[in-house]
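# Here you go, sequence then predicted model.
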Amino acid sequence: MKGPLTAVRAAVALALAGTLVMACGADGGGSKTLTWSMWADGGEEHQVWRELADRVSGEDPQITIKLETSSFDDYFAKLGTRFDRGDAPCIVSMQSLRTAGYTQGMLPLDDLIAKNKFDVTDFDKSIMKGLSADGKQYALPYDFGPVILTYNKGMFRNAGVPEPKPGWTLAEFESVARKLTGDRKYGFVAAPQDLWMFPMVLTKTGAQPTDAAGNLRLTAATMTRGVQWYADLAARKKVAPHLPGADAAFFAERMFLSGDVAMGASGPWALLNLKNQAGFQVGLTTIPAGPDGSRTYSAGSGFGISKSCPDPERAFKAITLMTAKKQLEWLGGVGRAYPSRESAQHAWYESAHLAGAREVLEAANATSIPLRTTKHWEQVNHLLNQYGAQLFNGTSSAKQVLEQVQRQAGQD
């Protein structure tokens, strides 16, 4: 899935180039080419997805997949337009947080699942729910995971601060953040992105950004109180850096990778890449426990079928092969997914070599719930980033910012 870390946007942990070919085309040997759109940052990530497409063709020579990639942001910025034009690729990659906003162009999979007697019981239930909307399944998942905290082991060691263990509390978190702040270093990095901010708000006050019907609810008292507490880590308590006035979207990930902050939010889709990129040893732990214990969100990504696809049966066969245990074990092994199939998750652990990873992820999974979003979630995130600097730098209150975002994005 597309996670908070730039290097992992191909695994999240999820682009349409301006000139995608039509969804299906004739190919030799009785097969047809299925076009598949996916997000990727750079040639290495493109190659992983290219190999997945080739592996599927190796399993079924009647399926040929043409992969098209571009950046995560470009992908979702253009996908709605492609749906409206009726020329979207056959196989569409989708992130759980954005599913509700793109169902107008996606084919519900329920009938195909039933017709083909496709067994979905091995998939994690939370990500299956996350890739559904209005009671219909729109994608089969390849990855998922709970939001957790990553930390810089060296900063803890140098400060003589014990490393956090699963089940630690918000009081302990704030105490540790204070001890690790100083000399232009910070204990934590806070940011207004959904997967960075809302899990911490959830564990603090129990507030969720939407109601059961999927309507945006940012102005509830518990949400305002939770967001103000979170923003005050930077604005008032000074244990997190201020946000820049511009380009705040990926500020937090850059700060954590720089080694200037001790802790930040992340997910299992990002950890293997983070471990390879960070110039320090990475640890992980659960979101700190609030009044009702440690609470967090899960998110992930998968593959669906566009309504404009002329061969949905073949496309369905392709996405079942793309999400088969064998392929998810491979993706987990190369560090591009925390597998959505429970039977394939061992491959991720075997490759991660991160001490305590299983204990942390199992504890987080036990308390995680899908982050439910609105059809206008892209706009919500854009507005949170737009006004985030004012909030996190202390020039506006959570009440002011959330009311403004609610007015502009609460069209549901």
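Ah, there it is. Because the structure is a prediction, the values reported are computed rather than measured. Numbering: from 1, shown residues only.

# residue contacts, residue 403?
Under the criterion of Cβ atoms under 8 Å, 6 or more residues apart in numbering, the neighbours of residue 403 are 218-219. C-beta coordinates here come from the backbone N, C-alpha and C atoms, glycine included.

# What helix or strand is it located in?
helix 398-409 (DSSP states H and E).

# chain center to that helix: distance?
23 Å (Cα atoms, centre = their mean, to the nearest Å).

# residue boundaries of the helices in the stretch 51-200 of the chain?
72-85, 110-115, 125-130, 153-159, 170-179, 194-205 (DSSP state H, counting those that start in this stretch).

# List the buried residues in the fifth one.
So the one you mean is helix 170-179. Judged by neighbour count (16 or more other Cβ atoms under 10 Å), helix 170-179 contains these buried residues: 170, 173-174, 176-177.

# so where's the stretch 1-150 of the chain shaky on pLDDT?
Within the stretch 1-150 of the chain, the segments meeting pLDDT under 70 span 1-31, 42.

# I'd say residue 59 and residue 320 touch.
No - in this structure, residue 59 is not within contact of residue 320 by Cβ atoms under 8 Å, at 10.0 Å.

# Now do the strands in the stretch 1-150 of the chain.
24-26, 32-39, 63-70, 91-95, 132-133, 136-137, 140-146, 148-152 (DSSP state E, counting those that start in this stretch).

# which stretch among these comes nearest residue 265?
Among the strands of the stretch 1-150 of the chain, strand 148-152 comes nearest to residue 265, with 6.1 Å by Cβ to Cβ.

# The closest one pairs with which strands?
Strand pairing for strand 148-152, determined by DSSP bridges: strand 263-266 (antiparallel), strand 282-285 (antiparallel).

# pLDDT and distance to residue 345 for the buried residues of helix 170-179 - can I get that in TSV?
Shown next, in TSV, are the buried residues of helix 170-179 (pLDDT from 0 to 100; distance: Cβ to Cβ, whole Å):
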residue	pLDDT	distance to residue 345
170	98	29
173	98	27
174	98	32
176	98	29
177	98	31
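
# and of those, the nearest to residue 210?
Relative to residue 210, the closest of the buried residues of helix 170-179 is residue 170; by Cβ to Cβ it sits at 23.2 Å.

# Excluding chain neighbours, give the residue nearest to the closest one in space.
Among residues not flanking residue 170 along the chain, residue 288 sits closest, at 4.5 Å (Cβ to Cβ, 6 or more residues apart in numbering).

# phi, psi of that neighbour?
Residue 288 adopts backbone torsions of phi -60, psi 150, taken as degrees, to the nearest 10.

# right, and it touches residue 177 too?
No - using Cβ under 8 Å, residue 288 is not in contact with residue 177; the gap is 10.0 Å.

# quick one, strands of the stretch 251-400 of the chain?
For the stretch 251-400 of the chain, the strands defined by DSSP E, counting those that start in this stretch occupy 263-266, 282-285, 296-305, 368-370.

# Out of those, indicate the one that is most buried.
Burial of those is given as mean neighbour count (mean count of other Cβ atoms under 10 Å); strand 296-305 ranks first at a mean of 29.

# which helices and strands does it pack with?
Applying 3 or more Cβ pairs under 8 Å, 6 or more residues apart in numbering; DSSP states H and E, we find strand 296-305 packed against strand 91-95, helix 125-130, strand 140-146, helix 194-205, helix 312-322, helix 357-367, strand 368-370.

# try 7 Å
Applying 3 or more Cβ pairs under 7 Å, 6 or more residues apart in numbering; DSSP states H and E, one finds that strand 296-305 contacts strand 91-95, helix 125-130, strand 140-146, helix 194-205, helix 312-322, strand 368-370.

# how far away is residue 54 from residue 329?
From residue 54 across to residue 329, the span is 16 Å (Cβ to Cβ, to the nearest Å).

# Of the two, which one has the most company?
Comparing residue 54 with residue 329 by other Cβ atoms under 10 Å, the one with more neighbours is residue 329, at 20 against 13.

# correct me, but that one touches residue 348?
No - using Cβ atoms under 7 Å, residue 329 makes no contact with residue 348, being 8.9 Å away.

# Overlap in contacts, these two.
residue 339 (Cβ atoms under 7 Å, 6 or more residues apart in numbering).
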